[in-house]
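>>> Attaching a predicted model along with its sequence, questions to come.
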Amino acid sequence: MVKLVLVLGDQLTPTLASLRSADKANDRVVMAEVTSEASYVPHHPKKIALVFACMRKFAQQLRDDGWTVDYTRLDDPDNAGSIPGELLRRASESGASSVIATRPGEWRLIEALEDTPLDLDILEDDRFVASHADFNDWAKGRKQLRMEYFYREMRRKTGLLMEDDEPAGGKWNFDHDNRKPAKPDLFMPSPQSFEPDETVKEVLDLVEATFPDNFGELRPFGFATDATQAEAVLDNFIETALPQFGDYQDAMLSEHRFLYHALISAYLNIGLLDPLEVCRRVEKAWQKGHAPLNAAEGFIRQIIGWREFVRGIYFHEGPDYANRNWLKHDRALPGLYWGQETGMTCLSKTVEQTNEEAYAHHIQRLMVTGNFALLAGIDPAQVHEWYLSVYFDAFEWVEAPNTVGMSQFADGGLVASKPYVSSGSYIDRMSDYCSECSYSVKEKTGKDACPFNLLYWHFLSRHRSRFSDNPRMAMMYRTWDKMDSDRQDEVLTGAEDFLSRLDAGDPV
Ligand code: FAD
Ligand code: DLZ
Ligand code: SF4
């Protein structure tokens, strides 16, 4: 009996579980560009184009490999508009009664699949180092789930950067060495980019015509759209940027959007690159003396540590995770996130870059846009929707724990042991934004004071009952308590004024 084999837009891996368990001679692969997936949030046009172009090329690759592929384009008049709808349509066309799928990376879609009347076999997605069972076993009975301890387990499991049972270099984590600010005159490597071929050009025209109002510039489009190109991005990163990755991991510069970052997250998440392979390549670069240990360890930790950890949290916590709001923040997301003008250069530069590239690196996401949203008390569900929309690598299993957990502390401290908040001085130390800003980072009060300086104390003060017994925050509260009460009042009034202007939609 013929079966359908579902392959989603972020499952573009030839060794995918559903493909491995199907019969190439009899079964039919179903792939579909559908409105429901392309518009559950207003995705950045570059992200939609990336997914569609990669899907079209992967479908061709499967055909060349002997598979029968039923591929539906977005503008196909028979398109049913959703993944379950397309499965039903293809089932009735082919007479298939059962479907093999690989578990989607989002509860919304898992639930939609489970609701179809088809006989459905959902297989685990094993393109990760840790299975759900591995993560749940590790988490069981622990009072706190901390990435650092999980990461050590992953190092032991994979043998990456291990010398017998000990971590290479005698330490698990070299983060202490990875906090250097960058100067604009440093040599900056450029990430590899690609001229659109015919397939990509067709997709760009389709996306331009169908999603004209979505936030984000579609062109120029230079992303990799198949595994060979994604490998080239990785090769170029290892060759030109990896040695400096650690040192400048947290740095931000107005004119250098990518610094020494890899820009491979989307390719990992879509399935064009394999996480373990990527880490083995980086380990080899260290073994050959091409990159120092702090760079290789820092990079590998992001992948087998953070990436695996946040996935574990997303599935461990269940479908309500993205709706959590531990701090009860309810302010609407201000227009500046969608490009409304602001005098705050760190925010305007990060949003401008996001608009043009569908990319910002981790510290821009965490300590600029994320930090501001948390300090200003913005509804985490709206923040989550923004991050899920605007970045080329945004899929809910990885985006939600980073946004709701790490960045907005809305899960009450599951992902982060303390809120990632800072005043303007952190941004000033790690970037060149403040020198061009209409606010002054040195001013702590008054109309020119950097809003981060005002909001930082406002946040700590309004959440004192939640955080005052967190030992990692004790020093912040001691500093606040040492401030005389007139100055405290001035700071809090300044913050309230700022928030009122933000709420009124006035330029800030
Ligand atoms: P590099 O800095 O070069 O790092 C190498 C790789 O490590 C990345 O490609 C990525 O696969 C992995 N990695 C690094 N940090 C993380 C992390 N915290 N969680 C998971 N993987 C990580 N990453 C996504 O892939 N998708 C998202 O939707 C996403 N949303 C985020 C939202 C917020 C609020 C924050 C603070 C972070 C988010 N991240 C997300 C994590 C991180 O910012 C991106 O993975 C990274 O910026 C991607 O760029 P890069 O490939 O140049 O990464
Ligand atoms: C992100 C995305 C987009 C924009 N479009 C499609 C699509 O048309 N068809 C498809 O199969 N997948 C798409 N995706 C990826 C899915 O949204 C993704 O598989 C789920 O969010 C689960 O991670
Ligand atoms: Fe951002 Fe404040 Fe610096 Fe301006 S002064 S760039 S608002 S941190």
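Ah, there it is. Note that this is a predicted model, so its numbers are computed, not measured. Numbers count the residues shown, from 1 in each chain. Ligands and ions are numbered 1, 2, ... in the order given.

>>> Return the residues of the chain in contact with ligand 3.
Counting by C-beta under 6 Å from any ligand atom, the residues of the chain close to ligand 3 are 344-346, 424, 427-428, 433-434, 437, 439, 441, 450-452. Where C-beta positions appear, they are placed from N, C-alpha and C, glycine not excepted.

>>> The same query, at a cut-off of 8 Å, please.
With C-beta under 8 Å from any ligand atom as the criterion, the chain comes near ligand 3 at residues 343-347, 368, 424, 427-428, 431, 433-434, 436-441, 450-453.

>>> Out of those, list just those in helices.
Members of the residues of the chain next to ligand 3 lying in helices (criterion: DSSP state H): Thr345, Cys346, Leu347, Gly424, Ile427, Asp428, Pro451, Phe452, Asn453.

>>> Just give me the neighbour total for the fourth one.
In this case it means Gly424. The number of residues packed near Gly424 is 27, by other C-beta atoms under 10 Å.

>>> For the residue nearest to it when sequence neighbours are not counted, which residues are in contact?
Closest residue in space to Gly424, ignoring its immediate chain neighbours: Cys450 at 3.6 Å, by C-beta to C-beta, 6 or more residues apart in numbering. Under the criterion of C-beta atoms under 8 Å, 6 or more residues apart in numbering, the neighbours of Cys450 are Met344, Ser423, Gly424, Cys434, Cys437, Tyr439, Ser440, Val441, Glu443.

>>> ok, 10 Å please
Shown in contact with Cys450 (C-beta atoms under 10 Å, 6 or more residues apart in numbering): 344, 346, 423-425, 427-428, 434, 437, 439-444, 456.

>>> Among these, the buried ones, what's the ChimeraX command?
Selection of buried members from the contacts of Cys450 for ChimeraX, criterion 16 or more other C-beta atoms under 10 Å:
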select :344,346,423,424,425,427,428,434,437,439,441,444,456
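
>>> quick one: Ser265 and Val398 touch, right?
Yes - when contacts are counted by C-beta atoms under 10 Å, Ser265 is listed as touching Val398 (8.0 Å).

>>> Tell me which residue in the stretch 1-150 of the chain sits closest to ligand 1.
Met147 (8.9 Å; C-beta to the nearest ligand atom).

>>> Near the residue nearest to that residue when sequence neighbours are not counted, how many other residues are there?
Using C-beta to C-beta, 6+ apart and skipping the chain neighbours, the partner closest in space to Met147 is Phe309 (4.4 Å). By other C-beta under 10 Å, 25 other residues sit near Phe309.

>>> How about Ser500?
Residues lying near Ser500 (other C-beta under 10 Å) number 10.

>>> ok, back up a step: how many neighbours does the residue of the stretch 1-150 of the chain closest to ligand 1 have?
With other C-beta under 10 Å as criterion, Met147 counts 20.

>>> before we move on, what about the one 5 residues further on?
Number of residues near Arg152 (other C-beta under 10 Å) recorded here: 14.

>>> Also Ala25?
8.

>>> ok, now Leu87?
By other C-beta under 10 Å, the residues close to Leu87 number 23.

>>> how about Gln192, what does it touch?
Neighbouring residues of Gln192 by C-beta under 10 Å, 6+ apart: 222-224, 229-237, 239-240, 263.

>>> So what does Ile122 look like in phi/psi?
phi -100, psi 120 (degrees, to the nearest 10).

>>> Would you agree Asn26 is in contact with Met1?
Yes - contact status for Asn26 versus Met1: in contact at 8.2 Å, counting by C-beta under 10 Å.
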